[in-house]
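# One predicted model, sequence on top.
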Amino acid sequence: MKKEPGPEDICIHEYEDYEKYHGAVVSPIFQNTLFVQNKDNAFVEDAYVYTRINNPTLELAEKKLAALENAEKALLFSSGMAAISSGILSVLHQGDHVVCIENAYGPTRDFFEQYLQKYGISVSFVPGIDSEDFQKAMTERTKLFYLESPTTFTFHLQNLANIAKIAKKNNVVTMIDNTWATPLFQNPIQWGIDMVVHSASKYLGGHSDILGGVLAGSKERIQQIQMSERALFGGVMDPHQAWLLIRGLRTFAIRMRQHQESALKVAHFLEEHPSVTRVLYPALKSHPQHQLAQRQMQGFSSLMGIVLNGTSEDVNCFIQNLKIFQLACSWGGFESLVIPIGKGMEEERRVKLGIHQNLVRIHVGLENVDSLIDDLNQALT
């Protein structure tokens, strides 16, 4: 009996056609906008016509990503927000209602709260730690539940299976930002979620050199988005970006294992440090949702939060004294990063989101973990 390919097999060899491309171990880039047609049999089904619709380089990456997510089909977009907004707009009509988690990615929240209001679409934000939050916030116009588990500010989880059951019972579509966990460590579709979105700029690319997004789900749903929202808005990924994404995927599994191993060591160190009040990381037993994380995830990535014991000036001092960790807003690449989440945020919003004023977000990169711990220790000291 043939064994199903594992993540490493999918990322490195699956869907590659070495014979077709003269034995090249790396597939070529189809850096073209259009494809000429056979005059006797033009524009057959699934034919390549125009890169805004489909392209062989994008298609190779999309097949790999769909397989990693246990989805029937995946699409690549020019950014994570292009994927998120296209997925959302494929579901909603004027007058519809959305239930979204409180701590969603900032631009996603702005898209719901500000942009979609112009079209009469309303949104209710809920903490989401209790699945009943979604049931209570529903109206007769609710068409979408939007999730992000774990969240990337407070590292809260949602019970995917429970929320999916509530949604299906009420004919509501579910969509999740799965960027933190990656398809290696969490597969929401197996828990009943309809659409999964990723920022490919983070762990999937892994080298902080591409901008992109991924949307995965059923073949019927994703094909519809391919021919409508992606084609009409034009937010398709460039073939060269897709080729770089494929390159990143070849080391994806091994990178994520290293990220996880290093992050666990860093998190345990930080838990014991007297200058740290709390570590927010679902892999730790001290995390209030650790058991849920173990049930619905296969592993943990390298983004965490720490609450420093001190003043806002102590937070500044800590960041200024870091040598290896750099100050930046993104994460998921090879480099270690920090950013003070609580600093500069409007107090009313910060309190509403449950973000401590001394919260610092840390991305543990691929540098030597002992060097990273030494850097954190000297800066904390």
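Received it, and whenever you're ready, just let me know what you need.

# so who does residue 166 touch?
Residues near residue 166 by Cβ atoms under 8 Å, 6 or more residues apart in numbering: 131, 134-135, 145, 172. Where C-beta positions appear, they are placed from N, C-alpha and C, glycine not excepted.

# which element is residue 140 on?
When elements are defined using DSSP states H and E, residue 140 is found to belong to no helix and no strand.

# Now it, what are its backbone angles?
Residue 140 adopts backbone torsions of phi -70, psi -10, taken as degrees, to the nearest 10.

# if we can go back for a sec, output the contacts of residue 166 as JSON lines; include the columns secondary structure.
Listed next are the contacts of residue 166 as JSON lines, based on DSSP: H, G, I helix; E, B strand; the rest coil:
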{"residue": "131", "secondary structure": "coil"}
{"residue": "134", "secondary structure": "helix"}
{"residue": "135", "secondary structure": "helix"}
{"residue": "145", "secondary structure": "strand"}
{"residue": "172", "secondary structure": "coil"}
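
# low-confidence ranges in the stretch 1-150 of the chain?
Low-confidence segments of the stretch 1-150 of the chain, defined by pLDDT under 70, are located at 1-2, 42-43.

# hmm, 90 instead?
Applying pLDDT under 90 to the stretch 1-150 of the chain flags residues 1-9, 11-24, 26, 36-47, 49.

# Compare the contacts of residue 166 and tell me which is most surrounded.
The most neighbours of any of the contacts of residue 166, using other Cβ atoms under 10 Å, belong to residue 145, which has 27 neighbours.

# For it, give me its contacts.
Under the criterion of Cβ under 8 Å, 6+ apart, the contact list for residue 145 reads 98-100, 134, 163, 166-167, 172-175.

# quick one: which of those residues is nearest to residue 28?
The shortest separation between residue 28 and any of those is 33.7 Å, and it belongs to residue 175 (by Cβ to Cβ).

# Can you name every helix or strand that the helix or strand hosting that closest one contacts?
Here residue 175, judged by DSSP H and E, is contained in strand 173-177. Taking 3 or more Cβ pairs under 8 Å, 6 or more residues apart in numbering; DSSP states H and E as contact, the helices and strands that strand 173-177 lies on are helix 80-89, strand 142-148, helix 160-169, strand 195-199.

# Pick the most buried one from the ones you listed.
Highest mean neighbour count of the helices and strands packed on strand 173-177: strand 195-199, a mean of 28 (counted as mean count of other Cβ atoms under 10 Å).

# tell me the angle of that strand relative to helix 80-89?
On the basis of axes from the mean of the first three to the mean of the last three Cα atoms, to 10 degrees, strand 195-199 is oriented at 160 degrees to helix 80-89.

# Partner strands of strand 195-199 and their direction?
Paired strands of strand 195-199, with direction, are strand 173-177 (parallel), strand 213-217 (antiparallel) (DSSP bridges).

# tell me the average confidence for the first one?
The predicted model gives strand 173-177 an average pLDDT of 98.

# chain center to it: distance?
Chain-centre distance of strand 173-177: 12 Å, with Cα atoms, centre = their mean, to the nearest Å.

# Helix, strand or coil: sort out the residue lying farthest from the centre of the chain for me.
Summary for the chain: using Cα atoms, centre = their mean, the residue whose C-alpha lies farthest from the chain's mean C-alpha position is residue 40, with a distance of 43.7 Å. Here residue 40 is recorded as coil under three-state DSSP.

# Contact partners for it?
Going by Cβ under 8 Å, 6+ apart, residue 40 touches no other residue.

# how far away is it from residue 234?
Here residue 40 is placed at a distance of 31 Å from residue 234 (Cβ to Cβ, to the nearest Å).

# tell me which residues in the helix or strand hosting residue 268 are buried?
Assigned by DSSP H and E, residue 268 belongs to helix 252-272. Of the residues in helix 252-272, those with enough neighbours to count as buried (16 or more other Cβ atoms under 10 Å) are 252-253, 255-256, 258-260, 262-264, 266-267, 269-270.

# Same check on stretch 125-133?
Burial within stretch 125-133, assessed by neighbour count using 16+ other Cβ under 10 Å, is assigned to 125-126, 128-129, 131, 133.

# sorry, back to before: go through the strands paired with strand 195-199 and name the closest to residue 309.
In terms of Cβ to Cβ, the element of those nearest to residue 309 is strand 173-177, at 30.9 Å.

# next structured bit after the closest one?
helix 182-185.

# Return the distance of that following helix from the chain's centre.
The gap between where helix 182-185 is centred and where its chain is centred comes out at 9 Å by Cα atoms, centre = their mean.

# State the distance from the spatially most central residue of the chain to residue 148.
With the centre of the chain defined as its mean C-alpha position, the nearest residue by Cα atoms, centre = their mean is residue 179, 1.5 Å away. For residue 179, the distance to residue 148 equals 8 Å [Cβ to Cβ].
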